[in-house]
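[1] what would the 3D arrangement of this be:
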Amino acid sequence: MKTVVLTVLATLAVLILASLLFIFSGVFDVSATSEDGGLIQWVLETTRARSIHRAAGGMEMQAPRLDDPRMIRAGLVRYHELCATCHGAPGVKVSPTGQGLNPYPPELAGEGGEEPAELFWVVKNGIKMTGMPAYGVTYSDAEIWEIVAFVKRMGEMSPGEYEALAREVGVDSGRPAD
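    Prediction:
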């Protein structure tokens, strides 16, 4: 039994030492221009998805009516201010800033498939080391739900519908003139 305990402790010590050597060596490329591949990408994506799913559980019951046109219009204004630069919009490309992020921010136009509670959680809390800020620090839950309502509706919008709604609420859609 004593040998097993010593073997486990020695193995843990070696793993900790190897981890510290890796961390302090600087060999891991943290550049936003290098892609994470294989196992690292899988670990990061799976960890992100599972963490958001777990943290957002039970929030559905708190969601207001996301099909309210006033809420969608208000959400478009906030989305335009806060999100379109990195995530684009129907007919609007992601900006150079968004294109330079790694991981690449999801283009939300034409999607809308995420669960509202998960979108709310991400907008409110952000995601570490992705460039996604936590807007819950500066915006109320009601304002964040407006963004979620718009993103859910935006997933069904054509570029023309987006441009018309943007014009209606007094926002420059960012779409190039046809």
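
[2] now Leu108. Nearest residue, chain neighbours left out?
    In this structure, Leu108 finds its nearest non-sequential neighbour in His87, 4.6 Å apart by C-beta to C-beta, 6 or more residues apart in numbering. (C-beta placed from N, C-alpha, C; glycine too.)

[3] can you check the pLDDT for the one you found?
    We note a pLDDT of 94 for His87 in this prediction.

[4] contact partners for it?
    94, 98, 105-109 (C-beta atoms under 8 Å, 6 or more residues apart in numbering).

[5] pull out the buried residues from those residues.
    Buried members of the contacts of His87, scored by 16 or more other C-beta atoms under 10 Å, are 94, 98, 105, 107-109.

[6] so which of those residues belong to helices?
    Counting by DSSP state H, the buried ones among the contacts of His87 place Gly98 in helices.

[7] and of the buried ones among the contacts of His87, the nearest to Thr3?
    Closest to Thr3 out of those is Pro105 (51.7 Å), distances taken as C-beta to C-beta.

[8] tell me the spacing between the closest one and Glu161.
    22 Å (C-beta to C-beta, to the nearest Å).

[9] sorry, back to before: ok, so of the contacts of His87, who is nearest Thr130?
    Of all these, Thr130 sits closest to Pro105, with 7.5 Å by C-beta to C-beta.

[10] of all the buried ones among the contacts of His87, which comes closest to Ile144?
    Closest to Ile144, out of all of the buried ones among the contacts of His87 and judged by C-beta to C-beta, is Leu108, at 14.7 Å.

[11] surely that closest one and Val151 touch.
    Yes: look at Leu108 against Val151 with C-beta atoms under 8 Å: they come within range, at 5.5 Å.

[12] quick check: which element contains Ile40?
    helix 38-56 (DSSP states H and E).

[13] this protein: helices as residue ranges?
    2-25, 38-56, 69-82, 84-87, 96-99, 116-125, 141-154, 159-168.

[14] where does the prediction get shaky in the chain?
    59-61, 110-113, 174-178 (pLDDT under 70).

[15] distance-wise, check Lys128 relative to Arg50.
    For Lys128 relative to Arg50 (C-beta to C-beta), the value is 14 Å.

[16] export the buried ones among the contacts of His87 to a markdown table and tack on distance to Tyr139?
    A markdown table is the format used below for the buried ones among the contacts of His87 (distance: C-beta to C-beta, whole Å):
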| residue | distance to Tyr139 |
| --- | --- |
| Val94 | 22 |
| Gly98 | 20 |
| Pro105 | 18 |
| Glu107 | 22 |
| Leu108 | 17 |
| Ala109 | 22 |
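
[17] since that was my last question, I'll sign off now.
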